[in-house]
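In: Structure here, sequence nowhere to be found:
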């Protein structure tokens, strides 16, 4: 496989790279197959997909390919973008592991600047978070089957003064955990969403408090 040279400065940890890493943990994958090194992000929200593609080009300077994959749950086509690049793969694994059941955030993210960590959290909540109105109570939830990974997220949130609880028993197989955040105002002030539809809903629920 021909090695593709990356953009100068790609090794620097920036807010764009933080978003990339969070999205790949959330709705993406970073893996090696045969002689290929793959980076793939698939999500139904075109806003997130387009943002991810722009960030990848900004950080690494390589063009991504586009396509669609049939959902195993609904049968609907989900858009994705993909890059095959050994150098990008080798850079990304310095910051996290990416398998759904045991992803892990590494120290280069955990010890990065507050702005980088904030952008990482926002991007992850864009993919795996939801804001809902349950009766008279509004709440933010962040889902994953990876309990240890959510504990890392919980600690990162505490660095911003956002407290939470982790509750088991979600999903069809009851094997999904959720980080629950009750203080919507604090979350909005310190973190928030990049995804417009989720941020709009968050602000709407806050206005109803």
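Out: Good, I have the coordinates. This one's a predicted model, so the numbers in the text were calculated from it and none came from an experiment.
In: Going by contacts, tell me the helices and strands next to the helix or strand hosting residue 132.
Out: Counting by DSSP states H and E, the element that carries residue 132 is strand 129-134. Based on contacts counted as 3 or more CB pairs under 8 Å, 6 or more residues apart in numbering; DSSP states H and E, the elements that strand 129-134 packs against are strand 137-144, helix 196-207. Heads up, the C-betas are built off the backbone N, CA and C, glycines and all.
In: Residue 181 is nearest to which of those?
Out: If you check each of the helices and strands packed on strand 129-134 against residue 181 by CB to CB, strand 137-144 wins as the nearest, at 4.1 Å.
In: Just want the angle from the following helix or strand past that closest one to strand 129-134.
Out: Remark: after strand 137-144, the chain's next helix or strand is helix 147-158, criterion DSSP H and E. With axes from the mean of the first three to the mean of the last three CA atoms, to 10 degrees defining the directions, helix 147-158 sits at 80 degrees from strand 129-134.
In: mind listing what's buried in helix 147-158?
Out: Residues of helix 147-158 classed as buried: 149, 150, 152, 153, 154, 156, 157 (neighbour count, 16 or more other CB atoms under 10 Å).
In: Check stretch 171-181 too.
Out: Counting neighbours by 16+ other CB under 10 Å, one finds that the buried residues in stretch 171-181 are 176, 177, 178, 179, 181.
In: now do stretch 125-137
Out: Of the residues in stretch 125-137, those buried (16+ other CB under 10 Å) are 125, 126, 127, 128, 129, 131.
In: quick one: contacts for residue 56?
Out: Applying CB atoms under 8 Å, 6 or more residues apart in numbering to residue 56 gives the contacts 20, 39, 62, 64, 81, 83.
In: where does it land in three-state SS?
Out: Under DSSP: H, G, I helix; E, B strand; the rest coil, residue 56 falls in the helix class.
In: Would you map out the domains in this structure?
Out: 15-104, 117-207 (automatic domain parsing).
In: CSV please, covering these and showing distance to residue 111.
Out: Formatted as CSV, the domains of the chain follow (distance: least, CB to CB, whole Å):
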stretch, distance to residue 111
domain 15-104, 11
domain 117-207, 9
